[in-house]
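# I need the structure of the sequence given here:
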Amino acid sequence: MSQQILIIGLGHFGMSLARTLSERGAEVLAVDINKALVEEAADFVTEAIVLDATDETELAGLEPGKRDSAVCAIGDDSKEASIICTVLLRQMGAPLVISRANDKMHQRILKLVGAHQIVNPEQEFGKRFANRLLYRHVIADTNLGEDLHLTEICIQPSMVGKTLVDLALPKRFGIMVVGIRRGPRGKIHQPQPKDPLQKDDNLIIVSSESAIPKLIKGV
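Numbering: from 1, shown residues only. A predicted model of the protein is given here:
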């Protein structure tokens, strides 16, 4: 059964999130007070509604408690609305409330009012983009929380032909290899400790953020 996700706020972040989740099979109910944005989202989400999410009665009509998760993606234009919406979603029993913060104070308030998770898309994108600029071998980087990252990197020339046993990455850099992307279709393989790495392999690793530059410079 598809996940049912409520997205409130259809700015750049909310709209992109709604489109991606819809493309990946989720049932998305998209909400915004702006009619033009709702009409745009209606082309790809399950349902799109013009609604003021700070109105308790209107929001209750969406039955947040019956959704798998609710994302309050209201942006810079109204922190007050973002906080009120987050409070109401929690009071209405939404099982997972994810709220967008614009700065640290906003983040602290959202945490105090009960958001299960808080995201700052601009900050997270900036960090990922900085890593891609600094370390050209980094292809993708996802923060798993608490300074733990899931990162895909090109293997270094010095790693070609060596095995994971030879490289001893956990001991030397605190890095765990959880997958190897290989072949023309980019299929992800389970890592085999004694399988020699190939020139065009990508490693999918779990590590702290600081371990990545140490690996690239030190391997």
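# quick one: contacts for Ser210?
The contact partners of Ser210, by CB atoms under 8 Å, 6 or more residues apart in numbering, come to none. (Each C-beta comes from the backbone N, C-alpha and C, glycine too.)
# quick one: pLDDT of it?
pLDDT, Ser210: 83.
# go on, Ala140?
If you check Ala140, the pLDDT there is 71.
# how much space is there between it and Arg100?
Applying CB to CB, to the nearest Å, the value for Ala140 to Arg100 is 22 Å.
# Have a look at the two and say which one is more surrounded.
Each of Ala140 and Arg100 has its neighbours counted (other CB atoms under 10 Å); Arg100 has more, 27 against 13.
# where's the spatially closest residue to that one that is not a sequence neighbour relative to Ile175, distance?
Closest residue to Arg100 apart from its sequence neighbours, by CB to CB, 6 or more residues apart in numbering: Ala73 at 4.9 Å. In this view, Ala73 and Ile175 are 33 Å apart by CB to CB.
# Looking only at neighbour counts, state which of those two leads.
For Ala73 versus Ile175, the count of surrounding residues by other CB under 10 Å is larger for Ala73: 26 against 23.
# That one against Phe13, yeah?
Yes - with contact defined as CB atoms under 8 Å, Ala73 counts as touching Phe13 (5.3 Å).
# any shared contact partners between those two?
Arg100.
# what's stretch 121-139 in contact with?
With CB under 8 Å, 6+ apart as the test, stretch 121-139 has contacts from 13, 100, 102, 141, 143, 151-154, 156, 202, 209, 212-213, 216.
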